[in-house]
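Colleague: Fold the following, please.
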Amino acid sequence: MKNIFKTFIFLFTTIFLTNCSRVKPIGSEFTSLIFSNSKKVENINNKFFKGNKTPEGMVLVEGGTFMMGQVKDNPMFDWNTSPKKIQVGSFYMDETEVTNLEYLSYVKYIKNVFPPSEEKYKYIYSSVLPDTLAWGTTLSNTGVLSDKYFRHPAYSNYPVVGVSWLQANEYCKWRTNILNLKTLIDKGYIENIFEIDTISNFFDTDVFLSNDSLLFNGNKSIYKKGVPYNLRKSRDEKIVNRKSFKGRKITQSDGILFEKFRLPTEAEWEFAAKGNIRKKNRKSRTKYPWNKKSNKLKNNNQLANFKQGKVNTSFSSDGASITNKVKSYSPNNFGLYDMDGNVSEWVADVYRPIIDTNANDFYYYRGNLFNKKMIDSVGNLVYTAIGDNTKLEYDTLPNGKIVPKHLPGTIKLIPITKNDAIYRANYSLYNNTSINDGDFKSSIHFDKNMDRNGAKKMYNSPKPPKPVFDSVNKKIRLIIDDKKRTTLINDKSRVYKGGSWVDRIYWLDPAQRRYLPEYMSKKFIGFRCVLDKLGPINNK
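Modeller: Okay, here's the model as predicted:
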């Protein structure tokens, strides 16, 4: 009996392996990997993944170790820029700040996909608009800038301003999705939906990877299932490479989709701004991003757009009276423009006076929120506001602005639970914003400050206005905190870096750091995006 069983197993295995070698079904590369005896077996997707290429409009910043923090003057005596050694990884960075034209494309897309005329979408469009009133000043005649700066073609290639940290992050998410959509269209996997429909073309990368039938109003004919994603045409228009991925759904492991665009961390931004690629160990003591010892002009070329003296923001000084077109000045050694002057820029970090390198000096970043995808009781992913009967959830910011918690049709994210973090050595909490500075363990005065809900906190910062419904006037009014406060620092304070057109040269030192609530915006703060570089640190 045992011999019969062994014979059956042998015959079954022989037939199975023979069929695998003949049929070559989807996943045959994986089968080959399992049964290969070679020690040099490559990744099953290497034949499709051609390596990272520098995205258009970005430059590669090769990572390394550098001395972060102020190393020259400190006339403010705030001691929040003490030198510390930090390591950052390689990443791609926009060579310029996001321009008015680029941000306007985003605004128009949101308006088309989520028309404000529909009741359920009425707050989405307004939530992404920059604050053009940021140009208003009590004793300045700047009305024309409020009206024209964002939309007029004369300012198309100027950096967008009046955008809050929250809005900048939403732009990064949109940019990820729109470029992945363009990639799939260019590869021939999806029809050019912009020529078909301008209303239902919302695209979300995570939804595409999890359940693409939820996109484009369920219109599956959009997908060219029988066409390879890497379809190409030669010069004589003959189609080649029909066999690759024919009829198969695109997945993350194919390596053709963009990683998520995001704001740079403070360490990444400062490392890129210094641009010291000539010093292998990155221990630079250069004061300004242009790698010179002074701000003097060279060969009559302006070095940056900043306020060079009292009542000295004129065109004759730096080529601009306000902001200037991107690429108006020479780039730094990495090829990045306007890391000094023009506009300051948002970075990802929550502000704290001290960079806690004792806790971590590797890819430093403060503000981690560890989420996971929400799954219902039967094991399915939960999506936001899909269907006519579902409502979209909104938040009211401290400044009274109403914003959606999530865009319709996206995957819901929820905080990790204690069960998710049990026996973990790397993290134990969902919100790590205040860890080692702002939590109970880091302050002897923790019990003295409380928020409106009675929760204890470290920093005695103003409490955000509390919206209350006025039953008499039938509208929401805000209760303002008028008690004496000692600081503006809280978990919603975000760092912005670099000097701007309104700043003196002191702020152009890349090590300088300032902060502002994440929901506020200024006429001198813009942003740029970064993209993680995958694979070897020095592989271009």
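Colleague: If you count neighbours, what's buried in stretch 355-372?
Modeller: 355, 357, 361, 364, 365, 366, 367, 370 (16 or more other Cβ atoms under 10 Å). Placement of C-beta: from N, CA and C, glycine included.
Colleague: Quick one: these as JSON lines, columns for pLDDT and secondary structure too.
Modeller: Formatted as JSON lines, the buried residues of stretch 355-372 follow (pLDDT from 0 to 100; DSSP: H, G, I helix; E, B strand; the rest coil):
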{"residue": "355", "pLDDT": "82", "secondary structure": "coil"}
{"residue": "357", "pLDDT": "69", "secondary structure": "coil"}
{"residue": "361", "pLDDT": "81", "secondary structure": "coil"}
{"residue": "364", "pLDDT": "91", "secondary structure": "coil"}
{"residue": "365", "pLDDT": "93", "secondary structure": "coil"}
{"residue": "366", "pLDDT": "93", "secondary structure": "coil"}
{"residue": "367", "pLDDT": "93", "secondary structure": "coil"}
{"residue": "370", "pLDDT": "93", "secondary structure": "coil"}
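Colleague: Nearest to residue 59 among those?
Modeller: Within the buried residues of stretch 355-372, proximity to residue 59 (Cβ to Cβ) peaks at residue 365, which comes in at 21.1 Å.
Colleague: Quick check: pLDDT value at the nearest residue to the closest one once chain neighbours are set aside.
Modeller: The shortest distance from residue 365 to any residue other than its chain neighbours is 4.4 Å, reached at residue 265 (Cβ to Cβ, 6 or more residues apart in numbering). Looking at residue 265, its pLDDT is 97.
Colleague: show me what contacts residue 265?
Modeller: With contact set as Cβ atoms under 8 Å, 6 or more residues apart in numbering, residue 265 has these partners: 88, 347, 348, 349, 363, 364, 365.
Colleague: Is the fifth one in contact with residue 90, as I believe?
Modeller: No - contact between residue 363 and residue 90 fails when scored by Cβ atoms under 8 Å: they sit 10.9 Å apart.
Colleague: pLDDT wise, what is residue 229 at?
Modeller: 43.
Colleague: And stretch 506-518, what's buried?
Modeller: Buried residues in stretch 506-518, counted by 16+ other Cβ under 10 Å: 507, 508, 509, 510, 511, 512, 513, 514, 515, 516, 517, 518.
Colleague: will you turn these into TSV that also has distance to residue 416 and secondary structure?
Modeller: Conversion of the buried residues of stretch 506-518 to TSV gives the following (distance: Cβ to Cβ, whole Å; DSSP: H, G, I helix; E, B strand; the rest coil):
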residue	distance to residue 416	secondary structure
507	38	helix
508	40	helix
509	38	coil
510	34	coil
511	34	coil
512	35	coil
513	29	strand
514	32	strand
515	27	strand
516	29	strand
517	26	strand
518	22	coil
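Colleague: Pick out the least confidently modelled helix or strand of this structure, by mean pLDDT.
Modeller: Counting by mean pLDDT, DSSP states H and E, the chain has its least confident helix or strand at strand 239-240, which shows a mean of 35.
Colleague: I'd like to know which elements the following helix or strand past that strand is packed against.
Modeller: Counting by DSSP states H and E, the next helix or strand C-terminal to strand 239-240 is helix 266-274. If contacts are counted by 3 or more Cβ pairs under 8 Å, 6 or more residues apart in numbering; DSSP states H and E, helix 266-274 sits against strand 58-61, strand 64-68, strand 84-88, strand 91-94, strand 344-350, strand 493-497.
Colleague: Parallel or antiparallel, which strands does the fifth one pair with?
Modeller: Using DSSP bridges, strand 344-350 pairs in its sheet with strand 493-497 (antiparallel), strand 525-526 (parallel).
Colleague: tell me the most buried of those?
Modeller: strand 525-526 (a mean of 30; mean count of other Cβ atoms under 10 Å).
Colleague: Now do that strand: distance to the chain's middle.
Modeller: The chain centre lies 15 Å from the centre of strand 525-526; the measure is Cα atoms, centre = their mean, to the nearest Å.
Colleague: For the closest residue to residue 448 other than its chain neighbours, give me its contacts.
Modeller: Computed as Cβ to Cβ, 6+ apart, the closest residue to residue 448 that is not its neighbour in sequence is residue 460, at 7.6 Å. By Cβ under 8 Å, 6+ apart, residue 460 lies in contact with 448, 449, 485, 486, 487.
Colleague: Give the phi and psi angles for residue 460, as a check.
Modeller: Per-residue torsions, residue 460: phi -80, psi 60 (degrees, to the nearest 10).
Colleague: I'd like the distance between it and residue 483.
Modeller: 9 Å (Cβ to Cβ, to the nearest Å).
Colleague: Determine the number of other residues adjacent to residue 149.
Modeller: When neighbours are defined as other Cβ atoms under 10 Å, residue 149 has 23 of them.
Colleague: residue boundaries of the strands in the stretch 351-500 of the chain?
Modeller: Ranges of strands in the stretch 351-500 of the chain, per DSSP state E, counting those that start in this stretch, are 371-373, 394-396, 402-404, 413-415, 449-450, 456-457, 466-470, 475-479, 493-497.
Colleague: which residues touch the fourth one?
Modeller: Pointing back at strand 413-415 there. Residues contacting strand 413-415 (Cβ under 8 Å, 6+ apart): 369, 370, 371, 372, 373, 374, 406, 430, 431.
Colleague: The same query, at a cut-off of 6 Å, please.
Modeller: Residues outside strand 413-415 that contact it (Cβ atoms under 6 Å, 6 or more residues apart in numbering): 371, 374, 430.
Colleague: The second one touches residue 384, doesn't it?
Modeller: So that's residue 374. No - the pair residue 374 / residue 384 is not scored as a contact, 9.4 Å apart, by Cβ atoms under 6 Å.
Colleague: out of those two, which sits in the more crowded spot?
Modeller: In terms of neighbours (other Cβ under 10 Å), residue 384 is the more surrounded of residue 374 and residue 384; the figures are 20 against 14.
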